[in-house]
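> Just a sequence and a predicted model for now, questions to come.
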Amino acid sequence: QLASALFQPFASNAQVEEHACQHYTHAVSWYACTMQRSISFLRLVASRPTHVCQLIVSTRLQPASVSPVWRRLASTASHVVENRYLQQVEAGELEHNPKQIELCQSLDQLYDNLVTHTPPSSNWFSKLLAGKPEITKGLYIWGTVGSGKTMLMDDFFDAIPLERKRRIHFHSFMLDVHARIHSKKMLNIADPIPPVAQDLLNEAYLLCFDEFQVTDVADAMILRRLFEELFKGGLIMISTSNRPPDDLYKGGLQRSQFKPFIPLLKRHTQEICLSSDKDYRLQGLLTKMQQQCFFSPLSDDQTSEMNRLWHDVCDEEGQSVETRTLQLKVRCSRQLSWLVSELVILCYTLFGLRATIIVKSLAVTPVIHAQGRTLEVKRACGQVAWFDFDDLCRSAVAAADYMRITQEFHTVFLSNVPQMEMKDRDAARRFITLIDCMYDNAVKLVWSAETQPEHLFQPKATKLSDSQRMLMDDLNLNMSAVDETNIFTGEDEVFAWKRLVSRLGEMQSEEYWKMCQKFWKGPEGV
């Protein structure tokens, strides 16, 4: 009808020639067919708007061919994370929490943005054609311990249909970064940060960090430059933390050099606070499992019970108890030997860039280098080990040692954890790192302690030790700075200990042990 109304005045004119009438006839037929298809399409949009809008966006031939209107329509209809959460609430697995619902909606919005997001390219020519990269803000989720931050982030990570994504504990990530930097320096690269950042982006442009915290001065000094390169290359970051961004590395040494990282983080992430009066990690704990996993106070009876459980576990392993030495190793990216490097230079000189690439692809293989250190395990049986607290927390060990333990053993017995004061802050920090590594790598823990976890670390104001006074002299600090610097007050350790207590509680639950059986990766690939 619309086509007839448009063309009828021209068709009735006596001066219209015959070929004009033919064009009129074809036009009417085309408009009728187009309107019929449009009506069918609109009915489909009305019945399934999410499917149709996302189909239009996902099947585009070129990024510029999709209207921003369709992008918005496609990005406002998905509730993947929220639906997963509500299903768990209906099943009685979770309690309904309005703040968690709000976080689910923020994660769903990011999910929809990533569905239509164009991944960053490592090819310089593609970058030139693409122009300025599209900025998609990630999320920085912070709040009280046990409020569900990690659970919801993991639901998002499992649901997002991306190949280049990575979920990792921040401790493990920084160990990996330092190993990569060391590898680049071995290749005589003067500034290793940009190539390390590019390697990380090539592997994953979506990074999900659990427990984002900065306590090490070496980490603090490289974070700003590293994440400048990562964000410039199109990184999208989601992280959970117990501290707001402004409190990161608060009271740390050389914090003035770390501060520029905070506004950088805020520009590329949306800050979300998720706090709860209830610690959801502590739900579902079984009294029987707690008695089997945690022994306190230290006594002969408790030691006997712990030894009995050790022998039961060893019987299941079916192997004898032995002393074992672990070689600490680090997996490096592809390394070039001196000979291959010379060959690459020669091929580039004689035959150009293509020959250089071919030589690299044929001659370069992944290599695992030993760090030159070993870790002695005094009691090991199969994939179960027994350590004393002093061996792991009062000796010269670090996160790399703990990661090696979690790769070798699925169950760790830890005995004689004492009550600690301010003078024991180094041991307390090592214990926190140890538990974080075990928790993130699904390792079961059986342990004994002098008292309950929440009372194990009780920092009190004491006189400065000789080593602390020497540190003050080295840093030119006066006594007024002592009360403001965490290295003397132990504020960081007290803050981290609250989170540790929550994790230790969860690690004694039956649910955690079942999860460990399913997700522990084992020594393969180490």
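Cool, the structure landed.
> gap between Cys516 and Ser509?
In this view, Cys516 and Ser509 are 11 Å apart by C-beta to C-beta, to the nearest Å. (C-beta placed from N, C-alpha, C; glycine too.)
> tell me, how many neighbours does Ile432 end up with?
As a burial measure, the neighbour count of Ile432 was computed by other C-beta atoms under 10 Å and equals 20.
> per-residue confidence at it?
Per-residue pLDDT puts Ile432 at 91.
> what residues are up against it?
493, 496-497, 500 (C-beta atoms under 8 Å, 6 or more residues apart in numbering).
> Just give the closest residue to Gln257, not the sequence neighbours.
Met221 (6.3 Å; C-beta to C-beta, 6 or more residues apart in numbering).
> do the same with Asp390
What sits nearest to Asp390 in space, not counting adjacent residues and going by C-beta to C-beta, 6+ apart, is Asn416, at 7.4 Å.
> Look at the one you found and say how many residues are nearby.
15.
> That one and Phe389 touch, don't they?
Yes. When contacts are counted by C-beta atoms under 8 Å, Asn416 is listed as touching Phe389 (5.0 Å).
> is the spatially closest residue to Lys444 that is not a sequence neighbour in a bridge, and if so with what?
Closest residue to Lys444 in three dimensions, ignoring its sequence neighbours and counting by C-beta to C-beta, 6+ apart: Thr411, at 4.4 Å. Going by DSSP bridges, Thr411 is paired in beta bridges with Val384, Lys444.
> any idea which element the residue nearest to Asp390 lies in?
Take DSSP states H and E as the rule and Asn416 turns out to sit in strand 411-417.
> repeat for Arg243
In this structure, Arg243 is located outside every helix and strand according to DSSP H and E.
> Ramachandran coordinates for the spatially closest residue to it that is not a sequence neighbour?
Counting by C-beta to C-beta, 6+ apart, the nearest residue to Arg243 once its immediate chain neighbours are dropped is Trp142, at 6.0 Å. According to degrees, to the nearest 10, the main-chain angles of Trp142 amount to phi -130, psi 160.
> correct me, but Trp142 touches Glu271?
Yes. Taking C-beta under 8 Å as the contact criterion, Trp142 and Glu271 are neighbours in contact, 7.4 Å apart.
> Compare neighbour counts for these two and give me the winner.
Taking neighbours as other C-beta under 10 Å, Trp142 and Glu271 compare with Trp142 leading, 21 against 13.
> wait, what's in contact with that one?
Trp142 is in contact with 149, 240-245, 271-274, counting by C-beta under 8 Å, 6+ apart.
> neighbouring contacts of stretch 446-461?
Stretch 446-461 has contacts (C-beta under 8 Å, 6+ apart) with 292-298, 302-303, 306, 309-310, 411-422, 424-425, 428, 489-490, 493-494, 497, 500-501, 504-505.
> If we use 6 Å, what do you get?
Taking contacts as C-beta atoms under 6 Å, 6 or more residues apart in numbering, the residues outside stretch 446-461 that touch it are 293, 295-298, 302, 306, 413-415, 417-422, 428, 490, 497, 501, 504.
> Could you turn the buried ones of the residues you listed into a ChimeraX selection?
Selection of buried members from the contacts of stretch 446-461 for ChimeraX, criterion 16 or more other C-beta atoms under 10 Å:
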select :293,295,296,298,302,306,413,414,415,417,418,420,422,428,490,497,501,504
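> Counting only strands, which of the contacts of stretch 446-461 make the cut?
With strands taken from DSSP state E, the overlap with these comprises 295, 413-415, 417.
> Which pair of those spans the longest distance?
Phe413 and Val417 (11.5 Å; C-beta to C-beta).
> how many neighbours does the residue nearest to Lys444 have?
Thr411 has 22 neighbouring residues, counting by other C-beta under 10 Å.
> quick one: contacts for the nearest residue to Phe209 once chain neighbours are set aside?
Using C-beta to C-beta, 6+ apart and skipping residues adjacent in sequence, the residue nearest Phe209 is Ser239, 4.0 Å away. Shown in contact with Ser239 (C-beta under 6 Å, 6+ apart): 140, 209, 212.
> got a list of what the first one touches?
It refers to Tyr140. The neighbours of Tyr140, taking C-beta under 6 Å, 6+ apart as the test, are 239, 269, 271.
> Which single one of these is nearest to Phe173?
When those are compared against Phe173 (criterion: C-beta to C-beta), the nearest one is Ser239, at 10.1 Å.
> beta partners of the closest one?
Beta-bridge partners for Ser239, by DSSP bridges, are Tyr140, Phe209.
> Low-confidence ranges, the protein, go.
Across the chain, the ranges flagged by pLDDT under 70 are 1-77, 119-134, 277-291, 329-372, 460-491, 523-526.
> That one: strands as residue ranges?
With DSSP E, the ranges of strands along the chain come out as 138-142, 165-169, 206-210, 236-241, 269-273, 294-295, 322-331, 368-381, 384-388, 411-417, 444-449.
> could you redo the ones you listed as a markdown table and give each row distance to Ala400?
Supplementary listing: the strands of the chain in a markdown table, determined by distance: least, C-beta to C-beta, whole Å:
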| stretch | distance to Ala400 |
| --- | --- |
| strand 138-142 | 27 |
| strand 165-169 | 13 |
| strand 206-210 | 18 |
| strand 236-241 | 22 |
| strand 269-273 | 28 |
| strand 294-295 | 27 |
| strand 322-331 | 6 |
| strand 368-381 | 7 |
| strand 384-388 | 16 |
| strand 411-417 | 16 |
| strand 444-449 | 19 |
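> Nearest to Asn113, out of those strands?
strand 236-241 (8.7 Å).
> Would you mind measuring from Val384 to Phe457?
In this view, Val384 and Phe457 are 27 Å apart by C-beta to C-beta.
> ignore the last one, Gln213
Spatial separation of Gln213 from Phe457 under the definition C-beta to C-beta is 17 Å.
> what number of residues lie near Glu450?
Applying other C-beta under 10 Å, we find 15 other residues in the vicinity of Glu450.
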